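In: Here's my sequence, what's the structure:
(one chain, ligands or ions: 2)
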Amino acid sequence: MAGFTVAIVGRPNVGKSTLFNRLLEQRKAIVDDVSGVTRDRQYGVADWNGKSFNVIDTGGFVHGSDDVFEREIRKQVKIAMDEANVLLFMCDAATGITDLDDNMAEILRRSSKPVLLVVNKVDNNNRMLEATEFYSLGFERVFFMSSMSGSGSGELLDAVVELIPEEEESAEDAETKEIPKIAIIGQPNVGKSSLLNALIGEERNIVSDIPGTTRDTIHTHYKMFQKDFILIDTAGLRRKTKVHEDLEFYSVIRAIKAMDEADVCLLLLDAVNGITQQDLNIFSLAARKGKALVILVNKWDLIEEKKTNTARDYEKQLKERLAPFNDVPIIFTSVAEKQRIFKAIEEGLRVYENRKRKVQTSKLNEVMLKAIESFHPPVVRGIPIKIKYVTQLPTYTPAFAFFCNLPDDVKQPYRNYLENQLRTHFDFQGVPIKLFFRKK
Ligand code: GDP
Ligand code: GDP
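Out: Ligands and ions are numbered 1, 2, ... in the order given. Have a look, this model is predicted:
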């Protein structure tokens, strides 16, 4: 199911981030670095038995008085309960049940979402005996595991995956399947709702300077330039919240869900603030999910004294931050002054077409074998690497298989070269592409 999200909650030090890393295995997690009150919050994608789901490690609080501490934890659990499909409530068998565990358990028992109690640090049989005390917390589904060694993680993952509903296609899905779906994503206050309103030409949502005005996520079927598309707006925030951090947490989870439903993401940035770490996190997650991307640098009207090269310099700096995946359209918009907003949609539809692009095998080989001929892969252990044949795989997002004698020895710099060559000769702008190396 698109957007299926699992949140790991629990007091600090029980092993949440260790489990998170295990679920994601080698994949790099993206880290939401809200300094001060929280420890890093992490978002990522896990796969198990062919099903994938989003995982959020809600982090832990590092300081504050006991009162503050408890209030913050409660809040975190509430947000997770609102936004996730399944909660993993993690406790620590080495320390046993603490007051804070009891406290959280009380909130979680009232959750309408499934809660799996995960008793961690069950590293040996003795611990297993002690760990049985956790049944007293009153959860039906209890899993004993060691995040460190991984024992017990298979059972937990089986249970999580079982909760993911089968993808059933509704009549509506079938109807809209061929229509490009464009998500408008970005941090609070960058202008997502304003953009949607400007496009739709009517005040569907309230737009204001105060982040967190209650708005709901909207899917709008739209027609423009004789083309159909669906706009997915993530601005909606059900709850009013004045706390910036909460708002960001909500909006990141929403953005991740919207991404899953979309083919293309229009990522809005605030021209004045520039690109932030959080923006980069969202960008790289969208890229890893294989979504086509367009970057809108919005509120361009607020950039004073535009010299001839302002946009060009801005774009250059932005691309440096986006590297290595920076073959992405960057549009300078002003929603307030209705500048280039239709261009933004046009680009969205263009990258959608790029994502569907299938290069003919003969053409692909003609171009790529020539590129390989003019710049050979390096020799390993005295043996030259020979790439004989290239083909595009029939995947939803562009992927290419290179057949060669030593597939494991083609290193990153050469992979980058091949990707650049593909991008130079065929238009994959805005589209993440994957390269695979296989033995013939
Ligand atoms: P978080 O604050 O809940 O995210 O906890 P961490 O994942 O940072 O883990 C806290 C500490 O517990 C670290 O020192 C981990 O190495 C340790 N830890 C995590 N899982 C296990 C486990 O299964 N067994 C043992 N013995 N230690 C663990
Ligand atoms: P959202 O939280 O991302 O949906 O952002 P909103 O659409 O609610 O916009 C936040 C604020 O920025 C509102 O006060 C908008 O009027 C303002 N805003 C949006 N786009 C622009 C723009 O292009 N230029 C300027 N100056 N303000 C803008």
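
In: Show the model's pLDDT score for the residue nearest the centre of the chain.
Out: When C-alpha atoms, centre = their mean is applied to the chain, the residue found nearest the centroid is Leu285 (3.4 Å). Note for Leu285: predicted pLDDT of 86.

In: And for Asn126?
Out: Residue-level pLDDT assigned to Asn126 equals 83.

In: residues of the helix or strand containing it that come out buried?
Out: Per DSSP states H and E: Asn126 is located in helix 125-131. By 16 or more other C-beta atoms under 10 Å, the buried positions in helix 125-131 come out as Arg127, Ala131. In short, each C-beta sits where N, CA and C put it, glycine included.

In: quick revisit: surely the residue nearest to the centre of the chain and Met259 touch.
Out: Yes: the criterion here is C-beta atoms under 8 Å, and Leu285 meets it with Met259 at 7.0 Å.

In: Report the mean per-residue pLDDT for stretch 114-121.
Out: On average, stretch 114-121 scores 96.

In: How about stretch 198-211?
Out: Stretch 198-211 carries an average pLDDT of 52.

In: next one: stretch 423-440
Out: 94.

In: Compute the first-to-last residue distance for that stretch.
Out: 24 Å (C-alpha to C-alpha, to the nearest Å).

In: Going by neighbour count, list what's buried in it.
Out: Buried, per 16+ other C-beta under 10 Å, within stretch 423-440: His425, Phe426, Phe428, Gln429, Gly430, Val431, Pro432, Ile433, Leu435, Phe437.

In: In terms of residue numbering, what are the domains of this structure?
Out: Following automatic domain parsing, one gets these domains for the chain: 5-162, 172-356, 361-439.

In: To ligand 1, which of those domains lies closest?
Out: Checking the domains of the chain against ligand 1 by C-beta to the nearest ligand atom gives domain 5-162 as the closest, at 3.1 Å.

In: and that closest one, anywhere near ligand 1?
Out: Yes: Domain 5-162 reaches ligand 1 (C-beta under 6 Å from any ligand atom) through 10, 12-18, 60, 120-121, 123, 146-148.

In: how about the CA coordinates for the helix holding Asn126, as PDB?
Out: C-alpha atoms of helix 125-131 as PDB (Å, rounded to 0.1, in the frame of the first residue of the first chain):
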ATOM      1  CA  ASN A 125      18.100 -16.800  27.400                       C
ATOM      2  CA  ASN A 126      18.400 -15.300  30.800                       C
ATOM      3  CA  ARG A 127      17.100 -12.000  29.400                       C
ATOM      4  CA  MET A 128      14.300 -13.900  27.800                       C
ATOM      5  CA  LEU A 129      13.100 -15.100  31.200                       C
ATOM      6  CA  GLU A 130      13.200 -11.600  32.700                       C
ATOM      7  CA  ALA A 131      11.600 -10.100  29.600                       C
END
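
In: host element of Pro432?
Out: Per DSSP H and E, there is no helix or strand for Pro432.

In: Looks like it contacts Thr395 (just checking).
Out: No: applying C-beta under 8 Å, one finds Pro432 not in contact with Thr395, separated by 11.7 Å.

In: what's the distance between Leu163 and ligand 2?
Out: 31 Å (C-beta to the nearest ligand atom, to the nearest Å).

In: got a list of what that residue touches?
Out: Leu163 sits next to Asn85, Val86, Pro114 when contact means C-beta atoms under 8 Å, 6 or more residues apart in numbering.

In: again, only this time at 7 Å
Out: Val86, Pro114 (C-beta atoms under 7 Å, 6 or more residues apart in numbering).

In: Mind pulling the model confidence for it?
Out: 93.

In: quick one on the thing from earlier: and the residue nearest to the centre of the chain, that's in a strand?
Out: No: counting by DSSP: H, G, I helix; E, B strand; the rest coil, Leu285 falls outside a strand, being helix.

In: What about the buried residues of stretch 423-440, which are in strands?
Out: Among the buried residues of stretch 423-440, DSSP state E puts Leu435, Phe437 in strands.

In: Can you add distance to Lys291 and give the buried residues of stretch 423-440 back as a markdown table?
Out: As requested, the buried residues of stretch 423-440 are arranged in a markdown table below (distance: C-beta to C-beta, whole Å):
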| residue | distance to Lys291 |
| --- | --- |
| His425 | 23 |
| Phe426 | 19 |
| Phe428 | 13 |
| Gln429 | 14 |
| Gly430 | 9 |
| Val431 | 9 |
| Pro432 | 8 |
| Ile433 | 12 |
| Leu435 | 18 |
| Phe437 | 24 |
